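In: sequence plus predicted model, see below.
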Amino acid sequence: MSKRWLLSVGLVALLAACTSTTPAAPAPAAPTLDGTSWTVTALNGAAPLAGHEPTMEFAGAQVAGSASCNRYNAGFTQDQTRVTITPGILTQMACAEDVMTQEHAFTVALTQVAGVRETGAGVELVDASAKAVLTLARVVDKPLEGTDWELNGLVTGDAVESVPGLVTMKIADGELTGKACNTFRGEVTAADGAFRAGPLASTKMICQQAGLSDLETTVLKTLQAATSYAIKGNTLTISADGSGLVFTAA
């Protein structure tokens, strides 16, 4: 074998070694949404209205939360980075025009979701063109005590009925205080998900607003029958047997 041929073989081997490609790094794992809770920090790139940020709580095949004004419940599936959200139930309470406009944009965005990707601060839900339609940050649970709570839902069985924010409540130093038509107060013990309140005393003013007297009666009755509570982000749910109250941090 000639020296020239040996040199050529060696040169080919050297070039092959120099041009070999390094295996691509594996793609980062898709964030798992099931069992997580989020607040929407951007809707189609714009910040939501302060105090009316939509929320998303993923559990099993469902996603639920506040759509801005009303509560919603929708179907949810995830396969790696692919995500699909199908329309479900939306309560029918009316709010200010700008809030309702945002709520409509949010519900439309839900139907456009096709995938998920992680960001430094949270996740983005993207459409089929990989454009972010919803930017999400992890929910930080509000403390039960010291937070001003505003009633926005009545629970009956598996249904939640939206109610206007006419009832407020606060828990501090073992005492529950609140206001509907009348003011009310009483002792409360709440820890580790267990809840017991009452007896609650209230003033006896006649309610002028239609329906408020009945709502006040329901709230007082439910609070005194309640046995448990749960907090997810800025939402507090107080539960009795077959009924409950849903509050949002004011």
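Out: Looks like it arrived, so ask away. Numbers count the residues shown, from 1 in each chain.

In: alpha carbons only for contacts and neighbour counts from here, please
Out: Noted.

In: how about the helices in this protein?
Out: In the chain, the helices defined using DSSP state H lie at 3-19, 97-112, 212-225.

In: lowest-confidence stretch among the ones you listed?
Out: With a mean of 43, helix 3-19 has the lowest mean pLDDT of the helices of the chain.

In: who touches stretch 168-178?
Out: 144-151, 167, 179-180, 183-189, 197 (CA atoms under 8 Å, 6 or more residues apart in numbering).

In: make it 6 Å
Out: Stretch 168-178 has contacts (CA atoms under 6 Å, 6 or more residues apart in numbering) with 145, 146, 148, 149, 150, 179, 184, 185, 186, 187, 188.

In: what does stretch 226-246 give?
Out: Outside stretch 226-246, the residues that touch it by CA under 6 Å, 6+ apart are 139-142, 151-157, 193-196, 225, 247-249.

In: any idea what residue 115 is bridged to?
Out: Counting by DSSP bridges, residue 115 is bridged to residue 82, residue 126.

In: against residue 83, how distant is it?
Out: For residue 115, the distance to residue 83 equals 5 Å [CA to CA, to the nearest Å].

In: now do the shared contacts for these two.
Out: Jointly contacting residue 115 and residue 83 under the rule CA under 6 Å, 6+ apart is no residue at all.

In: what about those two, which has more around it?
Out: Taking neighbours as other CA atoms under 10 Å, residue 115 and residue 83 compare with residue 115 leading, 23 against 18.

In: now residue 74. Nearest residue, chain neighbours left out?
Out: The spatially closest residue to residue 74, leaving aside those adjacent along the chain, is residue 88, at 4.1 Å (CA to CA, 6 or more residues apart in numbering).

In: what about the one you found, neighbour count?
Out: Counted with other CA under 10 Å, the neighbours of residue 88 add up to 13.

In: ok, residue 51 next?
Out: By other CA under 10 Å, neighbour count at residue 51 equals 11.

In: please report phi then psi for it.
Out: Note on residue 51: backbone dihedrals following degrees, to the nearest 10 are phi 90, psi -10.

In: and it, how close does it get to residue 80?
Out: Taking CA to CA, one finds residue 51 at 32 Å from residue 80.

In: ok, now residue 218?
Out: With the distance defined as CA to CA, residue 218 ends up 44 Å from residue 80.

In: quick one: end-to-end distance for stretch 239-250.
Out: 20 Å.

In: do stretch 144-159 as well
Out: First residue to last in stretch 144-159 (CA to CA) measures 24 Å.

In: that older thread, which members of the contacts of stretch 226-246 are classed as buried?
Out: Buried members of the contacts of stretch 226-246, counted by 16 or more other CA atoms under 10 Å: 139, 142, 151-155, 195-196, 225, 247-249.

In: low-scoring stretches of the chain, by residue?
Out: Applying pLDDT under 70 to the chain flags the ranges 1-29.

In: returning to that earlier point: now the buried ones among the contacts of stretch 226-246 in CSV, with distance to residue 208?
Out: CSV is the format used below for the buried ones among the contacts of stretch 226-246 (distance: CA to CA, whole Å):
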residue, distance to residue 208
139, 38
142, 33
151, 19
152, 20
153, 21
154, 21
155, 25
195, 31
196, 30
225, 27
247, 23
248, 25
249, 26
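
In: now, which of those residues lie within strands?
Out: Within the buried ones among the contacts of stretch 226-246, residues falling in strands by DSSP state E are 151, 152, 153, 154, 155, 195, 196, 247, 248, 249.

In: TSV please, covering these and showing distance to residue 173.
Out: Formatted as TSV, these follow (distance: CA to CA, whole Å):
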residue	distance to residue 173
151	21
152	24
153	25
154	26
155	27
195	14
196	14
247	19
248	20
249	18
